[in-house]
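[1] structure, please.
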Amino acid sequence: MAMEPDAYEVDASGNPIKQDFDYEHIYSQTSHYVHATIISLMGHSVNAGEGFRVRANVVQDADRGNQALFNVLVFISKSFVCAFRGLHDEQPADILEETRVMMTSFR
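    Numbering: from 1, shown residues only. As a prediction, the model looks like this:
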């Protein structure tokens, strides 16, 4: 759905926007940790001959909390933008700036 043209939002040229960033970056980065992919299993790998065991990969997963907070802030910001566009009202610059500052601290 992220790659389908939006039925409401358009770019400066009047073409329907796509949520490319949402799919290409946010979804692809976070989906590794909710699906059984090679990347999600890397933290649980063992040497040949050892038994597989599930364990926390503290080194590899150290930044997942910051990534989750960044994603929450991105979607809160996008929600404000879409809502105010839908209302044909000015964007809440102070709120958007505050979320931008917070997003910067969680990269």
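
[2] can we go C-alpha only for contacts and neighbour counts from here?
    OK.

[3] pLDDT score assigned to the nearest residue to residue 16 once chain neighbours are set aside?
    Nearest non-adjacent residue to residue 16, counting by C-alpha to C-alpha, 6 or more residues apart in numbering: residue 10, 4.2 Å away. Looking at residue 10, its pLDDT reads 83.

[4] pull out the buried positions in the longest helix anywhere in the chain.
    Counting by DSSP state H, the longest helix found in the chain is helix 64-86. Buried positions in helix 64-86, judged by neighbour count with 16 or more other C-alpha atoms under 10 Å: 67, 70, 71, 73, 74, 77, 81.

[5] elements contacting that helix?
    Here helix 64-86 touches helix 93-105, going by 3 or more C-alpha pairs under 8 Å, 6 or more residues apart in numbering; DSSP states H and E.

[6] so where's this protein uncertain?
    1-2, 32-35, 39-40, 55-62, 107 (pLDDT under 70).

[7] quick one: contacts of stretch 97-107?
    66, 67, 69, 70, 73, 74, 77 (C-alpha atoms under 8 Å, 6 or more residues apart in numbering).

[8] thinking again about what came up before, of all the buried residues of helix 64-86, which comes closest to residue 37?
    residue 67 (18.5 Å; C-alpha to C-alpha).

[9] of the buried residues of helix 64-86, just say which sits nearest to residue 36.
    Checking the buried residues of helix 64-86 against residue 36 with C-alpha to C-alpha, the nearest one is residue 67 at 19.2 Å.

[10] give me the outermost residue of the protein relative to its centroid.
    What lies farthest from the middle of the chain is residue 49; by C-alpha atoms, centre = their mean that is 37.2 Å.

[11] may I have the phi/psi pair for that one?
    For residue 49, the backbone dihedrals (degrees, to the nearest 10) come out as phi 90, psi -20.

[12] over to residue 10?
    phi -130, psi 160.
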